[in-house]
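Student: mind folding the following:
(chains A and B)
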Amino acid sequence: MRRSVLALALALCLSSMAPGAGSAAPQPVPKTTVNEIEGEVMCPVCGTLLELADSPQARREKVFVAGLVAEGKSKSEVKDALVDQYGEEVLATPEASGFDLSAYLVPILAIVVAAIALAYSVVRWRRNSERDGQSGDGKPARAPQGEDAERLEADLSRYDL
Amino acid sequence: MGTRSFLAVLAVLAVIGLLAFGLLNKGATKIAVGDPVPDKTLPKLPGPGQESIADYRGDWVLVNLWASWCEPCREEAPILEDFYRRNRGRDTTVLGINVQDNEDDALAFLREHPTGYPQLRSVGNERSKAFGSTGVPENFLVDPRGRLALIWRGPVDDRFLAEEVEPLIEGRQ
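Tutor: Okay, the predicted model is just below:
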């Protein structure tokens, strides 16, 4: 009897010294935050960013996101899970098809048009400058004539040392 | 017209064209009574397996779009279940399609409101758009030939089912 009591006491003592004893299972370390995700995904029903939405669907989506973040999922894993559940529309980026494709094409088109317009303007400006007697670097291409020449001579003679 | 004016007009026309295309493209799908019901094979809820509305061709089908977060959906669920039980022997069924929801929430809803009728799941807004839906719940009666016999954009109640749906099924209208 005495021996078994001693064995029980020893077992209790050892179990209390074991690592992690007396504490809950280790919690996963969050790799992202709820705020970060909510600022980058949509509430598909409301058509606004999730962080701005407060509809019943948005509240359920927020709970879903918070659960995944607490599980230690990364930002891309959370977004993948959201797409699985709510479709591509949950991402705050336009789809690469239909009208939404214009969100990608219009900026590219605008840059190309701006580049063409800029090149056209530079060529025109250079051509006009040459026609007006200015070389491209701003220096006069021809000597002053008539009244201008006389005035220049007079000015220069005043500073003649 | 100078080159500059021509380019300006071209740019304005391009912007107007883009806006018009956007408006036409973003408009909700229009469906009307008499049209073929928008259909697609969807996963069953709970799985496994897939089904479509066409699998019920020959029967009257009351298609119910719902979501777990929608309060009126909660209120109409027992009414739809009762309607299904009363009419299932008359070549009539109810077919639930869960939309704009996540699967766990949808399954929790079905545990809370068990249905004898089949349930399908559509990810995101895809089916809502196909039905030109503006919210949930919405209900669509499909005749045995697969055509829309009734469109009801809201929750159903006993009176609506008795006065609008059952006469169509019984051929009284």
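Student: contacts and neighbour counts: CA atoms only from here.
Tutor: Will do.
Student: in chain A, spot the helix with the most residues.
Tutor: Secondary structure assigned by DSSP state H gives helix A:102-131 as the longest helix of chain A.
Student: which part of chain A gets nearest to chain B, residue-wise?
Tutor: Chain B sits closest to A:Tyr86 of chain A, with a gap of 4.2 Å, by Cα to the nearest Cα.
Student: do you know how far the residue nearest to that residue when sequence neighbours are not counted is from B:Ile97?
Tutor: Ranked by Cα to Cα, 6 or more residues apart in numbering or on different chains and with sequence neighbours excluded, the top spatial neighbour of A:Tyr86 is B:Gly124, at 4.2 Å. Remark: distance between B:Gly124 and B:Ile97 (Cα to Cα, to the nearest Å) = 11 Å.
Student: same question, B:Arg145
Tutor: 20 Å.
Student: pLDDT below threshold where in the chain?
Tutor: Here I'm looking at chain A. A:1-25, A:95-97, A:133-141, A:160-161 (pLDDT under 70).
Student: please refer instead to chain B.
Tutor: In chain B (pLDDT under 70), the answer is B:1, B:21-29, B:172-173.
Student: next, the angle helix A:102-131 makes with the top helix by length along it.
Tutor: For chain B, the longest helix by residue count, based on DSSP H, is helix B:3-26. Going by axes from the mean of the first three to the mean of the last three Cα atoms, to 10 degrees, helix B:3-26 is angled at 180 degrees with respect to helix A:102-131.
Student: need the CA coordinates for helix B:3-26. PDB is fine.
Tutor: The C-alpha trace of helix B:3-26 is given here as PDB (Å, rounded to 0.1, in the frame of the first residue of the first chain):
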ATOM      1  CA  THR B   3      -5.800  66.000 -86.100                       C
ATOM      2  CA  ARG B   4      -6.100  67.200 -82.500                       C
ATOM      3  CA  SER B   5      -9.900  67.600 -82.700                       C
ATOM      4  CA  PHE B   6     -10.200  64.200 -84.300                       C
ATOM      5  CA  LEU B   7      -8.200  62.500 -81.500                       C
ATOM      6  CA  ALA B   8     -10.300  64.300 -78.900                       C
ATOM      7  CA  VAL B   9     -13.500  63.100 -80.500                       C
ATOM      8  CA  LEU B  10     -12.100  59.600 -80.800                       C
ATOM      9  CA  ALA B  11     -11.100  59.600 -77.000                       C
ATOM     10  CA  VAL B  12     -14.600  60.800 -76.000                       C
ATOM     11  CA  LEU B  13     -16.300  58.200 -78.200                       C
ATOM     12  CA  ALA B  14     -14.000  55.500 -76.700                       C
ATOM     13  CA  VAL B  15     -15.000  56.500 -73.100                       C
ATOM     14  CA  ILE B  16     -18.700  56.600 -74.000                       C
ATOM     15  CA  GLY B  17     -18.400  53.200 -75.700                       C
ATOM     16  CA  LEU B  18     -16.700  51.700 -72.700                       C
ATOM     17  CA  LEU B  19     -19.400  53.000 -70.300                       C
ATOM     18  CA  ALA B  20     -22.200  51.700 -72.600                       C
ATOM     19  CA  PHE B  21     -20.500  48.300 -72.800                       C
ATOM     20  CA  GLY B  22     -20.200  48.200 -69.000                       C
ATOM     21  CA  LEU B  23     -23.800  49.100 -68.500                       C
ATOM     22  CA  LEU B  24     -25.000  46.500 -70.900                       C
ATOM     23  CA  ASN B  25     -22.600  43.900 -69.500                       C
ATOM     24  CA  LYS B  26     -23.300  44.500 -65.900                       C
END
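Student: right, I'll call it a day here.
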